[in-house]
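In: Following is a predicted model, sequence given first.
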Amino acid sequence: MSGQSMHFAPNPPSVSVIIPAYGPSPHLEAVLEALTHGSDQAEEVFVSHSGDCDPTNRLKALFPSVTILHTAQRLFAGAARNRAAKLATSEVLAFCDNDTVPCPDWVEQIRQYFAEHRTILVGSVDVARDGGYWGMSTWLCEFSEQTPWQTKREQNGGASCNMAVCSKDLAKVGYFPEGFRAGQDTMVLNSLRSSGLIQMFEPAIRVGHFNIPGFAQFRTHLFNQGRHFSKVRKSVPMAGHQAVRFWPLAPALGIAKGALVLRRLASRKKPMDFVYRLPGIILGIAIWTAGCTYAAATGRFTGKY
């Protein structure tokens, strides 16, 4: 993405960046470094941290303008985001994660976008570290809808590791659900769309994700993603909820998801890469489907995750 300066519309909106974090968060400094050296600076940056390894003193020494919120008790990502969102004073709230590094003009492009539009904005998720074969397989299974080669469009998916919304619109729907380890972004995006907002995907507004290497991480993460998909759909009447509530239909969700992931990978038009990635994607979707079906059948939505 180009880092060239943009011509703002009159009275561009203020922007607050919110980063939820838990535990050691080894990539958090890289995220803040990218924001600090970006082509435009947010009015506020919040790190909402919970768990062990209180980063307050370390981060304040390196990034004195950043507001660090810490609690020893674990907060799920939705609660961590809400804590900062309710303190933020800007017109636009921009969210990334502690393992997603914004591109140099991330804040600049978000500010320009909201100077001209009032929608839900979801950007693309690129790769900052590939994590080897299994790290890339996890990334493709999880973020295929937000890969940088997808086209700008209206969409229903997306993830909160690269999203922005007007603060008053988020407050209107009651912020993020707080009792879910995963899927809070799916739920809040659904609530925002239900309130009448359009959700737009803009691939040029990009973050890079640090993929975790190893088959064990691949297996555990995707199985639990499937579990949480079931939990969300049993809680909210969203697409796929009927198949989850009548669990013998749950495997059909995996078939549909796999078809979408493969179609999105094929749209990259790199046949050899498609062939190379195919076994990892098929296995990943099978694991996701197993997690989804298991949770739908047993009601056991969470594990060690």
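Out: Cool, got the structure.
In: okay, and the helix or strand of this structure with the least pLDDT?
Out: Of all helical and strand segments in the chain, the minimum by mean pLDDT, DSSP states H and E falls on helix 241-245, at a mean of 84.
In: Which is the succeeding secondary structure element to it?
Out: helix 250-266 (DSSP states H and E).
In: Going C-terminal from that next one, what's the next secondary structure element?
Out: Counting by DSSP H and E, what follows helix 250-266 is helix 271-298.
In: In that following helix, which residues are buried?
Out: Of the residues in helix 271-298, 277, 280-281, 283-285, 287-296 count as buried by neighbour count, 16 or more other Cβ atoms under 10 Å. From N, CA and C alone the C-beta is placed, and that goes for glycine too.
In: Check stretch 163-179 too.
Out: Within stretch 163-179, judged by 16+ other Cβ under 10 Å, the buried ones are 163, 164, 165, 166, 167, 169, 170, 173, 175, 176, 177.
In: any idea of the mean pLDDT in it?
Out: Stretch 163-179 carries an average pLDDT of 96.
In: What helix or strand is the closest residue to residue 94 other than its chain neighbours located in?
Out: Sequence neighbours aside, residue 164 is the residue nearest to residue 94 in space, at 4.2 Å (criterion: Cβ to Cβ, 6 or more residues apart in numbering). Under the criterion of DSSP H and E, residue 164 resides in strand 162-166.
In: next one: residue 232
Out: According to DSSP H and E, residue 232 maps onto helix 215-235.
In: So what touches that helix?
Out: 134-135, 137-138, 141-142, 180-183, 186-187, 212, 238, 240-241, 243-245, 250, 253-254, 280, 284, 287-296, 300-303, 305 (Cβ atoms under 8 Å, 6 or more residues apart in numbering).
In: now stretch 150-162
Out: 77, 81, 95-97, 99-100, 102, 120, 122-125, 142-143, 145-146, 176, 184-186, 188-190, 193, 198-207, 209, 239, 264, 267.
In: try stretch 263-272
Out: For stretch 263-272, the external contacting residues (Cβ under 8 Å, 6+ apart) are 140, 144, 145, 147, 149, 150, 273, 274, 277, 281.
In: Of those residues, which pair is most distant in space?
Out: Spatial extent of the contacts of stretch 263-272 (Cβ to Cβ) is set by the pair 145 and 273 at 18.0 Å.
In: Remind me what the top strand by length along the chain packs against, helices and strands.
Out: As assigned by DSSP state E, the longest strand anywhere in the chain is strand 199-210. Counting contacts by 3 or more Cβ pairs under 8 Å, 6 or more residues apart in numbering; DSSP states H and E, strand 199-210 packs against strand 100-102, helix 106-116, strand 120-129, strand 153-154, strand 162-166, helix 184-194.
In: between these, which gets nearest to residue 85?
Out: If you check each of those against residue 85 by Cβ to Cβ, strand 162-166 wins as the nearest, at 9.5 Å.
In: returning to what we had before: with only the CA atoms kept, save the least confident helix or strand of the chain in CSV.
Out: These are the backbone C-alpha positions of helix 241-245, laid out as CSV (Å, rounded to 0.1, in the frame of the first residue of the first chain):
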residue,chain,number,x,y,z
HIS,A,241,-27.6,-20.9,13.4
GLN,A,242,-30.3,-23.5,12.3
ALA,A,243,-27.6,-26.0,11.4
VAL,A,244,-25.9,-25.5,14.8
ARG,A,245,-29.1,-25.9,16.7
